[in-house]
Every structure is written in C-alpha cells, then in structure tokens.
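[1] Attaching a predicted model along with its sequence, questions to come.
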Amino acid sequence: MLEDTLIVTLAEFGRTPGINSSLGRDHFASAWSMSMTGCGIKGGACYGKSDALGNKVVDGEVGAGQVFATIYKALGISPAKNYYVGSRPIPLVDAGMKPITAVLA
C-alpha cells in the first residue's frame, strides 16, 4: 500500500528536549521533527540536524513551505500548481518554495 500512500506525521510544535518543573515538556518551535514514508519518499532518508541537546537546528533548517512542496512532489503534484476559485488563482505553496530533494525517491 505504501507505493500509493504517503504517511506524514507532524505537529505544529515540537516538545522541549528537557523536562519542566511539572515533569512535562513544553511546546518548542526551535527544533522539531516529522516523518514521511511511502510513495515518493526515499526509505531511510534523514534530513537536518540539531545540536547535541536538541535545542536548535544546526543543519538543514526548512520551513513549512518546503515541507508542503516536498509532500506535493512526493504525491506527483507540481508544487508550482495553482488551483482556482472562480478566476482567482490559489497556489499550493508560496512562490519559489522548493521540495527537499534529499528525501525524495
């Protein structure tokens, strides 16, 4: 089924690498992870790197536009494509966003 299905796991925030005073972990936008598997994604690929404590991205930082460009490309949809509401173009991602080619099959 993974030949025709893309599975994406992500959230709007990561979690802090350290435990807080309530023995939990707070929202953390500085460095977080996600995973993609299935159609269009290279199995076992890994992209980006945080510092040794997981506090900040030190290599391969990407934004949401690049993530969604990668998702569309993996599904065989051009990230540059526009959908239309009447005559109004609605882009899938912001202009100039490129997919993360290192994880594409």
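    Sure thing, it's come through.

[2] And the residue nearest the centre of the chain, how far from Lys73?
    The C-alpha lying nearest the average C-alpha coordinate of the chain belongs to Val67 (CA atoms, centre = their mean; 3.4 Å). Using CB to CB, to the nearest Å, Val67 is found at 11 Å from Lys73. (Glycine included, C-beta is placed from N, CA and C.)

[3] again with Ile7
    Distance of Ile7 to Lys73, computed by CB to CB: 16 Å.

[4] neighbour-wise, which of those two wins?
    In this view Ile7 and Lys73 are compared by other CB atoms under 10 Å, and Lys73 has more residues nearby, 19 against 12.

[5] The more buried one reaches Val103, doesn't it?
    No - Lys73 is beyond contact range of Val103, at 9.9 Å (criterion: CB atoms under 8 Å).

[6] Can you give the distance from the helix or strand of the chain with the lowest mean pLDDT to the centre of its chain?
    Lowest by mean pLDDT, DSSP states H and E among the helices and strands of the chain is strand 14-15, with a mean of 81. Here strand 14-15 is found 14 Å from its chain centre; the criterion is CA atoms, centre = their mean, to the nearest Å.
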